[in-house]
Each structure stands twice: as structure tokens, then as C-alpha cells.
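*Asks:* generate a structure from the sequence data that follows.
(one chain, ligands or ions: 1)
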Amino acid sequence: MEANQAIQNIERKIQAIKARLQALGPMRPGSVSQQYNVCGKPGCRCKDPQTPRRHGPYYQLNYVYQGKKKSQFIRRENLKQVRLELATYKKFRKLTDQWIGLALQAAQLRLKNAL
Ligand SMILES: [Zn+2]
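*Replies:* Residues are numbered from 1 along each chain as shown. Purely as a prediction, here's the structure:
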């Protein structure tokens, strides 16, 4: 296949990726973990000597932004929305990775084409 034609094919794939990116809804990076805590109340169930039952689960959202680790608790009623946004972010990253891969291929073809 001629390089120009190969580049055009790649550009079409990139356009398709852009369209999918455009269609993405709200997103955020990170992951949710569950925490179980022990409190300070004397005689509380969480410190029962036989069958301690910790408090929780509490849902903690962890993410990194601009090299800084951030963490916050998420209310149970917000969990579904947050998980949806985390899933959308994964799609965003997957699509941009694909775009980068295609961009590299096209860039390489343009170099050969220039010879
Ligand atoms: Zn307790």
C-alpha cells in the first residue's frame, strides 16, 4: 500500500476515535476502595474482644492529578455516579492511547514518504 493511502486510512481511524471521545460523558480518574474503621468509643462493637466488627464500609476515592495524590470519602448515594465516571475515564484513556498509537504510525509513514 502506498504511504499516502496508509496515512489516509489512519486518519480515518483517528476521526472515528475523536467522534467516540466527543460522545463521552462525565469522567474522573481514580479508583474506589472500601475502608473499615475502628472508633474511639469505649465498649464499642468495633473493639469487641471476641468478635470485633469494624465500622463501614466507607468508600474512599483515590486519584492522582498533576503528580499529587488525592483522596476523599464518597457517600454511598454517590457511589454509582462516581463508578460510572471512573469507567468513562478508563474509556477516555484507552481511546487516547489508541489515538497516540495511530498518530505514531502516521508520523512514521510521513517520514518515509518524505524520503
Ligand atoms: Zn466503634
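
*Asks:* check contacts around the closest residue in space to residue 74 that isn't next to it in sequence.
*Replies:* Leaving aside its chain neighbours, residue 74 sits nearest to residue 59 (4.4 Å; criterion: C-beta to C-beta, 6 or more residues apart in numbering). In short, each C-beta sits where N, CA and C put it, glycine included. Contact partners of residue 59, counting by C-beta atoms under 8 Å, 6 or more residues apart in numbering, are 32, 33, 34, 35, 73, 74, 75, 76, 79.

*Asks:* run the last query once more with 7 Å
*Replies:* By C-beta atoms under 7 Å, 6 or more residues apart in numbering, the contact set of residue 59 is 32, 34, 73, 74, 76, 79.

*Asks:* likewise for residue 32?
*Replies:* Per C-beta under 7 Å, 6+ apart, neighbours of residue 32: 59, 60, 61, 74, 82, 83.

*Asks:* residue 19 now?
*Replies:* By C-beta under 7 Å, 6+ apart, the contact list for residue 19 is empty.

*Asks:* specify the local secondary structure of it.
*Replies:* helix (DSSP: H, G, I helix; E, B strand; the rest coil).
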